[in-house]
Each structure stands twice: as C-alpha cells, then as structure tokens.
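Enquirer: After the sequence you'll find the predicted model.
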Amino acid sequence: MELHFYKYQGTGNDFVMIDNRALAFPKNTNLIQKLCDRRFGIGGDGLILLEQDEATDFRMVYYNSDGNESSMCGNGGRCIVAFAKKLGIFENETNFIAVDGLHFAQIDKDGIVSLQMKDVKDIEINEKFTFLNTGSPHHVQMVNDIQNFPVKKEGSQIRYSDLYGAKGTNVNFVEQLDEQTFRVRTYERGVEDETLSCGTGVTAVAIAMFVTGKTKNDEVNLIVEGGHLNVRFQNENAQFSQIFLTGPATHVFSGVIKI
C-alpha cells in the first residue's frame, strides 16, 4: 500500500500529517511508530490524521511517536489547521473537533495560526511547581540556567515519579527573562524526550506564571528551542478562557511511502 503524507512543523515540533477522510489509514501502533522513526521512517514527534466530522470542518486524531493515541497537542493543532487550509477545507477561520473538544482557529496570509485552547480552571499550586491541564497534563517548574539544564534526565524522573502515577505527565522547565517573556524547555511523555516546542506546554506555562505572580500580563511571550510562541487569555477569579496559542505552522515536504 502506498501512503501519501505531508510533513509539518510548528516551532520545531514536527508531525506526519495524513488526509484520512476516506478512513483508509490502518491505525496500527507499530506502523505509527515506524512512520515517526527518524532513521527508518518519515520522522516526527507525532502523527496526525485529518478525518471527516459531521458537526465541524474536520476531526483531529493525534498519536505520539510511541504509536499511542494521546491527549491534545497544541502545536499539532496549529499544524492541522495549516494542513486543512492547504487542502481547501476552509478559508481563514475554522472549527474542528479534537480529543479534548471543540477548537476555533484562524490563519493569516503568512501562515501564523491562532488556536483557541480549552478553558482552564483547576490549577494546583505547590511550593516548587504548578500543575494544570491545558488539553494535556503539565508540570511547570522554575529553574536557573535553563540553557544547561538536564531536561531529559530531570523531566523523565518527574514524568515517571509516584507523584503522577502510571499515566505520567509532561514536564516544563521555565526561566523568566522579563515581565512578559519566559524561556521554556519541555519533556514530552509519549515522545519520552525533550521536544523543540510544546503548544499545550507553553499554554500551561503562561497561565502558571500568571497565577503564581511571575507576570501580571494576560499576553505572554514564550521562547522555545524551536522559535517563539505567544499565549493570550482572559482571567476571571482564576478561571481562564479565550486562551489563544499563536505561532507559525509550516509545510516542510510531502511524499509517498510504501507501507
């Protein structure tokens, strides 16, 4: 079988994209692992299927590179919006369904995508870290000298710790640069390594920095290993809504692979 695919990246977080509106793709864990393999496959942090949906423009089905269907991916969400635009599914604004519910998004002529994330209300603030779910679970922790911080080692220990049990969590390490800007490095479960960017991760960081008083701004700039992202939100009594993740989503290449 020949599989047509598209490769997209959002600030270095890269994905294999497949138009699965005909439901022809075999949803096999081993196959997805091989397609995401950077040496023997196409390579990607995950694989995303675009499928038909009766109530919205399309459905997003996301798999981590370990081959397992996963929780929401913010950068993947931005990339599938760019992919759907390329397929001619919508013009400039779209609504689509993902594992965590309905999403609204806009894309401009330069390929910058603003994706509305799920509302956030349950935030756990601890002395050394903050935990919240922005479509995926995220541990947010401040560190010094983030450039030289051992993200994979420390992130793995937290991800597999008794604190989060068998399901684990994503882990974000943060360093403040100024009142509105933070540098973020993320260990992603399912990838089991540091990724160049994590959309739900920087969304969690922006909100965590606000609720812990690190910033008073409702629009936050995030510097990740793969580029720059922006998160804005509305807050009412620690209830966060109108959360938008904004940044580039780029088509890298397309091709055909035999499976």
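Expert: Yep, it's here. Numbering: from 1, shown residues only.

Enquirer: where do the strands sit along the stretch 1-150 of the chain?
Expert: 2-10, 13-19, 46-51, 58-64, 93-98, 101-107, 112-116, 123-125, 130-133, 137-142 (DSSP state E, counting those that start in this stretch).

Enquirer: got the CA positions of the helix or strand just after the last one in CSV?
Expert: As assigned by DSSP states H and E, the chain's next helix or strand after strand 137-142 is helix 151-159. Once side chains and other backbone atoms are set aside, the C-alpha atoms of helix 151-159 remain, and they are given as CSV (Å, rounded to 0.1, in the frame of the first residue of the first chain):
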residue,chain,number,x,y,z
VAL,A,151,15.8,18.4,30.7
LYS,A,152,15.6,14.8,29.6
LYS,A,153,17.1,13.4,32.8
GLU,A,154,15.1,15.6,35.2
GLY,A,155,11.9,15.5,33.1
SER,A,156,11.9,11.7,32.9
GLN,A,157,12.3,11.4,36.7
ILE,A,158,9.3,13.7,37.3
ARG,A,159,7.2,12.1,34.5
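
Enquirer: Relative to the next helix or strand after helix 151-159, what are the paired strands and their orientations?
Expert: Next helix or strand after helix 151-159 toward the C-terminus (DSSP H and E): strand 170-176. Strand pairing for strand 170-176, determined by DSSP bridges: strand 137-142 (parallel), strand 181-188 (antiparallel).

Enquirer: Just checking, which helix or strand succeeds the last one along the chain?
Expert: If you walk from strand 181-188 toward the C-terminus, the next helix or strand you reach (DSSP H and E) is strand 193-195.

Enquirer: ok so, going back, quick one: closest of the strands paired with strand 170-176 to Pro248.
Expert: Among the strands paired with strand 170-176, strand 181-188 comes nearest to Pro248, with 16.4 Å by C-beta to C-beta. Glycine gets a C-beta too; all of them are placed from N, C-alpha and C.

Enquirer: what does the closest one contact?
Expert: Strand 181-188 is contacted from outside by 45, 64, 146, 149, 151-152, 154-156, 158-159, 170-177, 193-195, 197-198, 201-202, 205-206, 209, 214-215, 220-225, using C-beta atoms under 8 Å, 6 or more residues apart in numbering.

Enquirer: same deal with stretch 82-90?
Expert: The contact list for stretch 82-90 (C-beta under 8 Å, 6+ apart) reads 6, 8, 17, 19, 48, 50, 57-58, 91, 94, 96, 107, 111, 113, 249-251.

Enquirer: Would you mind finding the most buried of the strands paired with strand 170-176?
Expert: By mean neighbour count, with neighbours taken as mean count of other C-beta atoms under 10 Å, strand 181-188 ranks first of these at a mean of 24.

Enquirer: what's the angle from that one to strand 58-64?
Expert: Using axes from the mean of the first three to the mean of the last three C-alpha atoms, to 10 degrees, the inter-axis angle of strand 181-188 relative to strand 58-64 is 70 degrees.

Enquirer: Now do strand 181-188 and strand 13-19, the angle between them.
Expert: Put simply, strand 181-188 runs at 60 degrees to strand 13-19, going by the same axes, to 10 degrees.

Enquirer: quick one: which of the strands paired with strand 170-176 is nearest Arg232?
Expert: For the strands paired with strand 170-176, proximity to Arg232 was assessed by C-beta to C-beta; strand 181-188 is nearest, at 13.7 Å.

Enquirer: if we can go back for a sec, can I get the strands paired with strand 170-176 in TSV including distance to Phe240?
Expert: Below are those laid out as TSV (distance: least, C-beta to C-beta, whole Å):
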stretch	distance to Phe240
strand 137-142	13
strand 181-188	17
